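In: Pasting a predicted model and its sequence here:
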Amino acid sequence: MIQSMTGFGKITAEFPGKKISVEIKSLNSKQLDISTRIPNAYRDKEIEIRNLLSQTIERGKVDVTIYLDNVDTNILSKINPATVEMYYKQICDTAERLQIEPPSDWFSVLLRLPEAVKTEFMELDETEWKIVKKTIQDALKSFVAFRIQEGAMLEGVFRAKVETIAGLLNEIDVYDSERTEKIKTRLYESVKKLDIAGYDENRFEQEMIYYIERLDVNEEKSRLNNHLKYFLETIDNEKSQGRKLGFIAQEMGREINTLGSKSNHAEMQKIVVQMKDELEQIKEQILNVL
């Protein structure tokens with residue numbers, strides 16, 4: 001069973017005076033890269049939150065956002081009189097020196113300045129953290145379910161592409177024997193045109209056999225067929241193995257390329273091009289596999 005590295009999960013929970021939403025989304029990445037946006041009230045729990053995530057998510061560029069609404073009961077905001085007074089005097093002095101009118105809405109301007117309002121967060125109690133933690137865990141379950149669903153779609157694509165390549169591989173057999181006979185005929189006709197008297201026919205036969213053996217593709221067909229089977233076996237594995245599937249796809253590509261270079265037959269080369277096209281589509285989608 002394969003999973004996609006593209007994932008999304010969002011869960012919302014409510015408790016007295018507050019509403020929390022946890023959103024987890026990811027894209028493909030070679031390693032696990034977690035970015036978090038956490039309210040200051042839960043900042044002390046960031047390491048624990050990251051540990052929760054890394055226990056479930058193996059790879060991907062992961063963005064985790066925790067939204068906290070209705071937090072009036074959790075924070076204390078106080079105006080800093082000394083700071084506000086300092087700003088007020090400086091603004092008045094500057095306005096007088098520059099001979100400009102001071103702002104009409106004094107209070108809103110002053111409160112937007114740094115340190116004019118001091119926010120103090122109450123300590124996070126254990127009961128609230130248990131709710132937050134469960135919400136994160138539920139969001140992770142939703143996230144994994146999304147990855148499995150996307151993985152099932154990718155699996156369908158892979159199986160169809162592998163089946164197509166296997167079918168094309170069987171088509172090569174139709175032209176392989178025909179190709180050998182054409183090569184023999186062409187070599188015999190070439191020798192006749194040269195009109196060489198007394199050439200060694202036995203030596204010619206040996207050289208021709210050697211030449212045809214070099215163009216033999218049975219070994220490549222056998223290896224490619226084995227790679228196709230191994231690819232499907234890896235998909236059926238309980239654990240998603242995107243890297244392994246990528247390596248198998250590379251080996252498939254090597255055999256297909258060798259088939260193309262040895263084919264020496266127009267119809268076989270067309271088939272090889274079709275196989276390459278199917279394989280490229282597999283490689284593109286493998287980048288999204290966990």
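Out: Thanks, I have it.
In: for the chain, which helix is longest?
Out: In the chain, assigned by DSSP state H, the helix with the most residues is helix 126-194.
In: I'd like the distance from that one to the chain centre, please.
Out: Between the centre of helix 126-194 and the centre of its chain there are 16 Å (CA atoms, centre = their mean, to the nearest Å).
In: what packs against it?
Out: Here helix 126-194 touches strand 7-15, strand 18-27, helix 46-56, helix 201-214, helix 218-235, helix 242-263, helix 266-286, going by 3 or more CB pairs under 8 Å, 6 or more residues apart in numbering; DSSP states H and E. For glycine as for every other residue, the C-beta is placed from the backbone atoms N, C-alpha and C.
In: Mean pLDDT lowest where, among these?
Out: Least confidently modelled of the helices and strands packed on helix 126-194 is helix 201-214, at a mean of 63 by mean pLDDT.
In: Show me the contact partners of stretch 219-228.
Out: Identification of contacts with stretch 219-228 by CB atoms under 8 Å, 6 or more residues apart in numbering yields 162, 165-166, 169, 172-173, 248, 251-252, 255-256, 258-259, 262.
In: and the longest helix of the chain, average pLDDT?
Out: Mean predicted lDDT for helix 126-194 stands at 86.
In: Quick one: name whatever helix or strand follows the strand or helix carrying residue 78.
Out: Residue 78 belongs to strand 75-79 when assigned by DSSP states H and E. Per DSSP H and E, strand 75-79 leads on to helix 81-98 as the next helix or strand towards the C-terminus.
In: And that next one, what does it pack against?
Out: Helix 81-98 packs on helix 106-111, going by 3+ CB pairs under 8 Å, 6+ apart.
In: CA atoms only: put the helix it packs on into CSV for me.
Out: Written as CSV, here are the backbone C-alpha positions of helix 106-111 (Å, rounded to 0.1, in the frame of the first residue of the first chain):
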residue,chain,number,x,y,z
TRP,A,106,-3.9,60.2,19.2
PHE,A,107,-4.9,57.2,21.1
SER,A,108,-5.1,54.7,18.3
VAL,A,109,-1.7,55.9,17.0
LEU,A,110,-0.1,55.6,20.3
LEU,A,111,-1.4,52.1,21.1
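In: Now that helix: buried residues?
Out: Under the neighbour-count criterion of 16 or more other CB atoms under 10 Å, helix 106-111 has residue 110 buried.
In: So the residue lying closest to residue 162 once chain neighbours are set aside versus residue 248, what's the distance?
Out: The shortest distance from residue 162 to any residue other than its chain neighbours is 5.3 Å, reached at residue 228 (CB to CB, 6 or more residues apart in numbering). Going from residue 228 to residue 248 by CB to CB, to the nearest Å gives 9 Å.
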